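Chemist: 3D model of this:
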Amino acid sequence: MTQSQDWMRAGEDDVRPPTDLRTDIPHPARMYDYFLGGKDNFPADREAAEKALSISPAFRTGALANRGFLQRAVRHVTRQGIGQFLDIGTGIPTAGSTHQIAAEVDPDIRVAYLDNDPIVLVHGRALLAGAVQGSATVIHADLRDPAGILANSEVRTVLDFDRPIALMLVSILHFIHDDEDPLGIVRRLVDALPSGSCLVLSHATGDFTPPDQVDQARALYSNSAAPLVPRSRDQVAAFFEGLELEEPGLVTTPLWRPDAPVQEGDDRAPGWAAVGIKP
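Modeler: Here you go, the predicted structure:
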């Protein structure tokens, strides 16, 4: 079976997403793609992203720093022997995504990409078909339904829950309202993973941003498909309760095991990040 056939086999039984992509409403996944220089976005996404950049250029620098964290974290956990990834809220799979970085270390990696944006599925399958080593799939699912994720037959086909899994919650939890119980969501997912698994998490913060800019950003995202809920360092740290943090602990995204010289202001980047190991 070819790599392309393997990819299609892994995704052929899933439920197809709605055909209405609502391209007239900006979506955070497509805005993020725009910040990263991608082309899988629409005029509404670009307009909203440009408004965000007019509030602060940190939207773009923060997105780039977040992508750098993802890549360093994936390399790290793959080198530690974890070859399975449950990547939730992945956004548009572009260059340097989880499957590409992990396959550089282990060609037999297994990746389940999950997102609730139909365009992620449409573009993800087209972009990744024939380009994945090992086994991977893109699945229509919502982080707010952890029970559905854990029971999903596609997820269970790609990932072996008897072996360590890297749960990737990179730049996604700040789109979950407090009343949707983000802490409970994370704990339910982590509890389902075997010992030796890890949580790779980054989260937007307003800790270093003027309050008026935080308010403007919240207002902007209130008109998109998802809210923006920046959280403090202490609030982000709560997601790692019961896990053993890898060095250097919970730091701003550019400072997590940097592979380039640290720049002025990196310690005030608008996002916290860490990797926690389940004992």
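Chemist: show me where pLDDT drops low in this protein?
Modeler: Along the chain, the parts satisfying pLDDT under 70 run over 1-21, 93-95, 127-134, 225.
Chemist: where exactly do the strands run in it?
Modeler: Along the chain, counting by DSSP state E, strands occupy 84-88, 110-115, 135-140, 166-170, 198-204, 244-245, 251-252, 271-277.
Chemist: keeping just the C-alphas, turn the fourth one into CSV.
Modeler: If I follow you right, that is strand 166-170. Provided in CSV are the C-alpha atoms of strand 166-170 (Å, rounded to 0.1, in the frame of the first residue of the first chain):
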residue,chain,number,x,y,z
ALA,A,166,1.4,13.2,22.8
LEU,A,167,-1.7,15.2,23.3
MET,A,168,-1.2,18.4,21.3
LEU,A,169,-3.3,21.4,22.5
VAL,A,170,-1.3,24.1,20.8
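Chemist: pull out the buried residues from that strand.
Modeler: Buried residues in strand 166-170, defined by neighbour count with 16 or more other CB atoms under 10 Å: 166-170. Every C-beta, even on glycine, is put in place using the N, C-alpha and C of the backbone.
Chemist: now the longest helix along the chain, how far from the centre of its chain.
Modeler: Longest helix of the chain, by residue count under DSSP state H: helix 58-79. Per CA atoms, centre = their mean, to the nearest Å, the displacement of helix 58-79 from the mean C-alpha position of its chain is 10 Å.
Chemist: list the contacts of that helix.
Modeler: Helix 58-79 has contacts (CB atoms under 8 Å, 6 or more residues apart in numbering) with 32, 35-36, 49, 52-53, 85, 96, 98, 101-102, 104-106, 109, 166, 168, 170-171, 198, 200, 202, 204, 209, 217, 246, 252-254, 256-259, 266, 269-271, 273, 275.
Chemist: mind doing that once more with 7 Å?
Modeler: Contacts of helix 58-79 from elsewhere in the structure, counted by CB atoms under 7 Å, 6 or more residues apart in numbering, are 32, 35-36, 52-53, 96, 98, 101-102, 105-106, 109, 166, 170-171, 198, 200, 202, 253-254, 256-257, 259, 269-271, 273, 275.
Chemist: just the buried members of the residues you listed?
Modeler: Taking 16+ other CB under 10 Å as the criterion, what is buried in those is 32, 35-36, 52, 98, 101-102, 105-106, 109, 166, 170-171, 198, 200, 202, 253-254, 256, 269-271, 273, 275.
Chemist: contact partners for the residue nearest the centre of the chain?
Modeler: Centroid-nearest residue in the chain: V170, 3.3 Å away (criterion: CA atoms, centre = their mean). V170 sits next to 66, 70, 200-202 when contact means CB under 7 Å, 6+ apart.
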